[in-house]
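Peer 1: Give me a model of this one.
(chains A and B)
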Amino acid sequence: MREFLKPHRVFLILLAAAIVTWCAWSLQWDWLAKPKYQAMIVQGLWQTIWVLVVTMVVGMMLAIPIGFAQAAGPAWLAWPARVFCSIIRGTPLLLQIWMLYYGIGSLFPSIPWIRESALWPILRQAWPYAVVALSLSVAGYEGEVMRSAFKGVPHGQLEAAKSMGMPAFTMFRRIWLPQAIQRVLPTIGGETVLQLKSTPLISTITIMDIYDVAGRVRRDTLIVYEPLLLLAVAYMLITACIVLLFRWFESRVPNRTA
Amino acid sequence: MKKLVLAAVAALSLGSAAMADPIKVGVDVAAYPPFTSMDADGTWKGWEVDFLHAICKQAQLDCVITPTAWDGIIPALTAGQIDMIMSSMSITEERMKAIDFSDKYYNTPTSMMITKGSGLKPTDESLKGKIVGVQVSTIQEAYVQKHFPDAQMKSYQTSDESYQDLAAGRIDAVVADGLVVSDFLKTATGACCENAGNVEDDPAVLGQGVGFGLRKGDPLKEKLNAAIKAVRADGTYDAITKKYFPFDIYGK
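Peer 2: A predicted model of the protein is given here:
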């Protein structure tokens, strides 16, 4: 305890406490007590978190083959993967979301068999477009990251495995992939935090995430700063969870680099 | 003492200089025809723009249209970035807590627009489980929340986006200003849709008509009210209205 309480830390803790107390006392927080806004905040947080988790998982599952195709695949696989990454990384995410939702999404209803299919009630909603756009974005950026990770695995190990007669897929599963993942874990943690900060864009296609909730509270109550402060705290807490989660992952992965 | 007098004189002259400054009139950047929209050459046109020119001429004010995003238009007014709001803003209790309003200068019914042949009616029963689009922070949004609780509401940043989604079949209905709805139905995209009629009136939510939004206690209010009266009395109001509508939009 004494170790921890160094003068500069005590000062910073007091400063933080003072800022929090000032915010709590002199700003207007009564809207937080309204059940209507509480429900909206919970719903918004949930929306942001599930979109983040689903798009990161789906995106990474796409990124592994895309990265592998670029690192070791034949030219007819490597080129499309490279083109895909260039397009995704070269255009704004907002544009991609709008192209999907207002572009392709508004073409669907004019095709009768889609409109009459069982999928239509889902396709007319906004979240499928958000999930697809954000997942493709993750796939594009992480595909590039995975490419370099696969390339970084020492070639000697692969050649040794080959000479021992290990089948190609076993080689991928036991040597190539684990080492690549281990290399990129810290990067993926950082990218997840960035992805969190991309999620507010989905509020532009009528999805009520936590960012949209803050906007609604501001427009309803005409309180300018307080909902923004709450928003900042919410994103900081989610970021802290992501960072801790990835630290735990990293500590679980045995360090095997030579 | 002398210094004090000097300061007072300076303050007075500053004050009168500020009076001569142009009045910045905040208008929603997104087009809202036939009330406010921008020409291809960048000039504002529409009923409300013509009306503003008439009012400013009458009250001898130098008015400058300042495009402002709708969702931040009230904070922009209270923060002093604009001096008044002229953007078909309905006078409501909720807004009056934050800003003042002039007298109303038009009042129109709220209508519901549906895709052709869907047969939906503007009632909660008919809209059960259906998706209804509205523009955020409008009286129509408040109305749908209060009167159609069984419908699923979708809020759009601009009214155009909600029309687009209605035309695309992604939503079942749009609740919006009646005049704007009939204007949209005349366009090519509007061919998809029809007017399902006006919603039942609720003055507590739908307000008492449209007025200029002003900062609390701004003396501009009396000037504008007098100008609205004068323009109504001398026939200018009717002359402008005839250019856009086949009937009087002032309401009761």
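
Peer 1: what's the next secondary structure element after the one helix or strand B:D183 maps to?
Peer 2: Under the criterion of DSSP states H and E, B:D183 resides in helix B:178-185. Once helix B:178-185 ends, the next helix or strand along the chain (criterion: DSSP H and E) is strand B:193-198.

Peer 1: follow-up on the earlier one: return the distance of the helix holding B:D183 from the chain's centre.
Peer 2: Computed by Cα atoms, centre = their mean, to the nearest Å, the separation of helix B:178-185 from the middle of its chain amounts to 14 Å.

Peer 1: cool, and stretch A:38-55?
Peer 2: 13 Å.

Peer 1: Residues in contact with it: which ones?
Peer 2: A:32, A:127, A:130-131, A:134-135, A:137-138, A:192, A:195-196, A:199, A:202, A:207-214, A:216-217, A:230, A:234, A:238 (Cβ atoms under 8 Å, 6 or more residues apart in numbering or on different chains). Heads up, the C-betas are built off the backbone N, CA and C, glycines and all.

Peer 1: Can you say which of these are buried?
Peer 2: When burial is judged by neighbour count using 16 or more other Cβ atoms under 10 Å in any protein chain shown, the buried members of those are A:127, A:130-131, A:134-135, A:137-138, A:192, A:195-196, A:199, A:202, A:207-214, A:216-217, A:230, A:234, A:238.

Peer 1: near chain B, from the contacts of stretch A:38-55?
Peer 2: A:R216 (Cβ under 8 Å from any Cβ of the partner chain).

Peer 1: Helices - which of the contacts of stretch A:38-55 land there?
Peer 2: In helices, defined here by DSSP state H, the members of the contacts of stretch A:38-55 are A:127, A:130-131, A:134-135, A:137-138, A:192, A:195-196, A:210-214, A:216-217, A:230, A:234, A:238.

Peer 1: which residues touch residue 178?
Peer 2: All of this is about chain A. Taking Cβ under 8 Å, 6+ apart as the definition, A:P178 has no contacts.

Peer 1: actually it's chain B I care about, not the one you picked
Peer 2: B:T108, B:P109, B:T110, B:S111, B:N195, B:N198.

Peer 1: can you check A:G140 too?
Peer 2: A:I66, A:F84, A:C85, A:I87, A:I88, A:R89.

Peer 1: one more time with 10 Å
Peer 2: A:G140 is in contact with A:59, A:62-63, A:66, A:81, A:84-91, A:93, A:96, counting by Cβ atoms under 10 Å, 6 or more residues apart in numbering or on different chains.

Peer 1: try B:E125
Peer 2: B:F148, B:D150.

Peer 1: So it: helix, strand or coil?
Peer 2: coil (DSSP: H, G, I helix; E, B strand; the rest coil).

Peer 1: any idea how chain B splits into domains?
Peer 2: Structural domains annotated on chain B: B:20-107+B:208-244, B:110-206, as defined by automatic domain parsing.

Peer 1: Point to the residue nearest the middle of chain A.
Peer 2: Nearest residue to the geometric centre of chain A (Cα atoms, centre = their mean): A:Q195, 3.3 Å.

Peer 1: shouldn't it be in contact with A:V57?
Peer 2: No: in this structure A:Q195 lies outside contact range of A:V57 using Cβ atoms under 10 Å: 11.2 Å.

Peer 1: how far is stretch B:236-246 from where the chain is centred?
Peer 2: 17 Å.

Peer 1: need the residues of the stretch 101-250 of chain A near chain B, please.
Peer 2: Residues of the stretch 101-250 of chain A lying near chain B by Cβ under 10 Å from any Cβ of the partner chain: A:101-102, A:105-110, A:115, A:120, A:123-126, A:203-208, A:212, A:215-216, A:218-224.

Peer 1: taking the residues you listed one by one, which sit in helices?
Peer 2: If you go by DSSP H, these have A:105-107, A:115, A:120, A:123, A:212, A:215-216, A:218-221 in helices.

Peer 1: would CSV of those with pLDDT be doable?
Peer 2: Listed next are those as CSV, based on pLDDT from 0 to 100:
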residue, pLDDT
A:G105, 84
A:S106, 80
A:L107, 83
A:R115, 79
A:W120, 85
A:L123, 86
A:D212, 91
A:G215, 88
A:R216, 86
A:R218, 85
A:R219, 80
A:D220, 79
A:T221, 80
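
Peer 1: wait, which of those is closest to A:H155?
Peer 2: A:G105 (45.1 Å; Cβ to Cβ).

Peer 1: picking that back up, taking the ones in helices among the residues of the stretch 101-250 of chain A next to chain B, please make a PyMOL selection of just the buried ones.
Peer 2: Burial among those is assessed by 16+ other Cβ under 10 Å; the matching PyMOL selection reads:
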select buried, chain A and resi 105+120+212+215+216+218+219+220+221
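
Peer 1: Quick check: the two most widely separated of the contacts of B:G178?
Peer 2: It's B:T108 and B:N195 that sit farthest apart of the contacts of B:G178, by Cβ to Cβ, at 13.0 Å.

Peer 1: Which residues are in contact with each of those two?
Peer 2: In contact with both B:T108 and B:N195: B:G178, B:V181, B:S182, using Cβ under 10 Å, 6+ apart.

Peer 1: Next, show the common contact partners of A:Q195 and A:V57.
Peer 2: A:V138.

Peer 1: ok so, going back, counting neighbours, go ahead and name the busier of B:T108 and B:N195.
Peer 2: Each of B:T108 and B:N195 has its neighbours counted (other Cβ atoms under 10 Å in any protein chain shown); B:T108 has more, 22 against 15.

Peer 1: what's the more buried one in contact with, if anything?
Peer 2: B:35, B:88, B:90, B:177-182, B:198, B:206, B:209-210, B:245, B:249-251.

Peer 1: Show me what from the stretch 51-200 of chain B comes close to chain A.
Peer 2: Contact residues, the stretch 51-200 of chain B versus chain A (Cβ under 10 Å from any Cβ): B:70-75, B:78-79, B:94-95, B:97-99, B:115, B:131, B:133, B:136-138, B:141-142, B:145, B:152-157, B:161-162, B:164-165, B:167-172, B:192.

Peer 1: and the residues you listed, which are buried?
Peer 2: The buried subset of those (16+ other Cβ under 10 Å) comprises B:70-75, B:95, B:98-99, B:115, B:131, B:133, B:136-138, B:141-142, B:153-157, B:161-162, B:164-165, B:167-172, B:192.

Peer 1: Leaving out sequence neighbours, find the closest residue to the closest residue to chain B within the stretch 151-258 of chain A.
Peer 2: Taking Cβ to the nearest Cβ, chain B has its nearest neighbour within the stretch 151-258 of chain A at A:R219, 4.1 Å off. Of all residues not flanking A:R219 in the chain, B:S137 sits nearest, at 4.1 Å (Cβ to Cβ, 6 or more residues apart in numbering or on different chains).

Peer 1: Confirm that the one you found sits in a strand.
Peer 2: No: B:S137: not assigned to a strand; according to three-state DSSP it is coil.

Peer 1: could you give the angle of the longest helix anywhere in chain A to helix A:210-221?
Peer 2: For chain A, the helix with the greatest residue count under DSSP H is helix A:35-72. Orientation check (axes from the mean of the first three to the mean of the last three Cα atoms, to 10 degrees): helix A:35-72 against helix A:210-221 gives 150 degrees.

Peer 1: Tell me the buried residues in the next helix or strand after helix A:35-72?
Peer 2: Proceeding N to C from helix A:35-72, the next assigned helix or strand is helix A:75-90, under DSSP H and E. The neighbour-count check on helix A:75-90 (16+ other Cβ under 10 Å) flags A:A78, A:A81, A:R82, A:F84, A:C85, A:I88 as buried.
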